[in-house]
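Asks: let's see this in three dimensions:
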Amino acid sequence: MRLAADPGLERFRAEFAAFLDAHLPAEAEAADRPRSSADVPQWARRWQRTLFDAGWLLPGNPPEYGGRNATLPQQLAHLEELSRRRIYHSFNPQGLGIIAASILSFGTEEQKRRWAVPILRAEITAALGMSEPGAGSDLAGLRTRATLDGDHFVVDGQKVWTSGAHHADVLLTFVRTDPAAPKHKGISVLLVPTGIEGVARRPFASIVGEDDVDFNEVFFTGARVPRENLVGPLNGGWRVAHGSLGHERNLLWLSFAERMEDLIRDAPSGAEWYATLQMDLQALRLLGYRQLGGGRDPAELSVLKLLGSEAVQAAALHAFEEHGPDALAHPARTAPYNHMNLEVFTSSWFDRYVRSFAGTIAGGTSEIQRNIIAERILGLPR
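Replies: Presented below is the predicted three-dimensional model:
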């Protein structure tokens, strides 16, 4: 699906397409591949800075933050063009779509200059420190503690499933700063540089294979973080968390739409599931466009997240089953190589199916999304 034809919008789309034609890195330049979601090779850093400087990184932002004050239809046209060419928006997706966005929404002017702009320009990379053992989707259950000591917070605790932490320069970290407060009200958010004393990162492999290393355990042991790294008000982290999760779920539904389009291109079929995939994609885009239009209940993002993640998983399973024993061949290639994309999106059918499970967990599990929909949209009792 594409937005309705509009001469101004089509000029915008054509301008961006011409920019890509003129500036896209060559395949030979991109031989160095990312090793995690916060490992950005030098060529990709240069490319992201090129986008930032030209206002094409996040067109909806003002120019000082990598944009050109683009309208919502223009922003969607920009994303459609990237998707059509299978260009991965940023090799540090959480840094770009969640962490920098959260700092721009809740941070001070100094934090925007010191942290958000360097993340947007790929001068540094960032990871999200939310999930903990025993408190994955239950953010309010977090136990990592930060105690104010003069002009520093002293941080102790553990995070897990922290994607890209071993390559990140900074972690947007959710901590408990008032243990006596109700659990939703005693949370704060800190920017924790990963190189300081008391921060230990332990990467571990995923179910896909021993060479697929993105997840981390992160341990904080008396780590001293300057008070100036507090994002938002002290003990006001729940509001920041909802903003960050909103940014993540916006990012996720758009990525689910891309994955559906990839499956439509890579696994054409005459089976019923293929028609269902086509309809799910149209429904997701229509609901997403309505949500992005503003004035909607933020809880509706849970509908998008649930629909998108489970539709991708169901279609990936059907494609996996339809290819029979050949689908188990791993490593393998299920679509042409594109140096501007991540290899995981064109790898074996086994790989693509197994990775689909992350979509029903990251950003809040499907069970959490169903609870939100039931309570906040349908008005059902707890």
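Asks: every contact and neighbour count from this point should use C-alpha atoms.
Replies: Will do.
Asks: so which strand or helix has the most centrally placed residue in the chain?
Replies: What sits nearest the mean C-alpha location of the chain, by CA atoms, centre = their mean, is Q94, with 4.3 Å. Using DSSP states H and E, Q94 sits in helix 93-94.
Asks: quick one: residues in contact with the helix or strand that comes right after that helix.
Replies: Next in sequence after helix 93-94, counting helices and strands by DSSP H and E, comes helix 100-106. With CA atoms under 8 Å, 6 or more residues apart in numbering as the test, helix 100-106 has contacts from 111-112, 115-117, 119-120, 231-232, 240, 243-244, 247.
Asks: quick one, helices of the stretch 1-150 of the chain?
Replies: For the stretch 1-150 of the chain, the helices defined by DSSP state H, counting those that start in this stretch occupy 7-23, 42-54, 72-84, 93-94, 100-106, 109-111, 117-120.
Asks: any idea which of the ones you listed gets closest to Q291?
Replies: Closest to Q291 of these is helix 72-84 (CA to CA; 11.2 Å).
Asks: run the angle between that closest one and helix 7-23 for me.
Replies: Computed by axes from the mean of the first three to the mean of the last three CA atoms, to 10 degrees, the angle separating helix 72-84 from helix 7-23 equals 40 degrees.
Asks: what are the buried residues along helix 72-84?
Replies: By neighbour count with 16 or more other CA atoms under 10 Å, helix 72-84 contains the buried residues P73, Q74, Q75, L76, A77, H78, L79, E80, E81, L82, S83.
Asks: and the closest residue to the second one other than its chain neighbours, what does it touch?
Replies: Using CA to CA, 6 or more residues apart in numbering and skipping residues adjacent in sequence, the residue nearest Q74 is L9, 6.2 Å away. L9 makes contact with P73, Q74, A77, according to CA under 8 Å, 6+ apart.
Asks: output the contacting helices and strands for the longest helix seen in the chain.
Replies: Counting by DSSP state H, the longest helix found in the chain is helix 237-266. With contacts taken as 3 or more CA pairs under 8 Å, 6 or more residues apart in numbering; DSSP states H and E, helix 237-266 sits against helix 100-106, strand 187-193, helix 272-292, helix 300-322.
Asks: returning to what we had before: I'd like the helices of the stretch 1-150 of the chain as TSV, with distance to A362 appended.
Replies: What follows is the helices of the stretch 1-150 of the chain, written out as TSV (distance: least, CA to CA, whole Å):
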stretch	distance to A362
helix 7-23	31
helix 42-54	25
helix 72-84	21
helix 93-94	12
helix 100-106	17
helix 109-111	26
helix 117-120	21
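Asks: want to try a markdown table for the ones you listed, with mean pLDDT as columns?
Replies: Shown next, in a markdown table, are the helices of the stretch 1-150 of the chain (pLDDT from 0 to 100):
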| stretch | mean pLDDT |
| --- | --- |
| helix 7-23 | 96 |
| helix 42-54 | 98 |
| helix 72-84 | 91 |
| helix 93-94 | 94 |
| helix 100-106 | 95 |
| helix 109-111 | 98 |
| helix 117-120 | 98 |
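Asks: quick one: low-confidence parts of the stretch 101-250 of the chain?
Replies: Within the stretch 101-250 of the chain, the stretches with pLDDT under 70 are 136-137, 244-250.
Asks: returning to that earlier point: quick one: which of the helices of the stretch 1-150 of the chain is nearest T177?
Replies: Closest approach to T177 among these is made by helix 100-106 (17.7 Å; CA to CA).
Asks: tell me the buried residues in that closest one?
Replies: By neighbour count on 16+ other CA under 10 Å, the buried set for helix 100-106 is A100, A101, S102, I103, L104, F106.
Asks: which among the residues you listed gets closest to Y274?
Replies: Comparing the buried residues of helix 100-106 against Y274 with CA to CA places A101 closest, at 35.1 Å.
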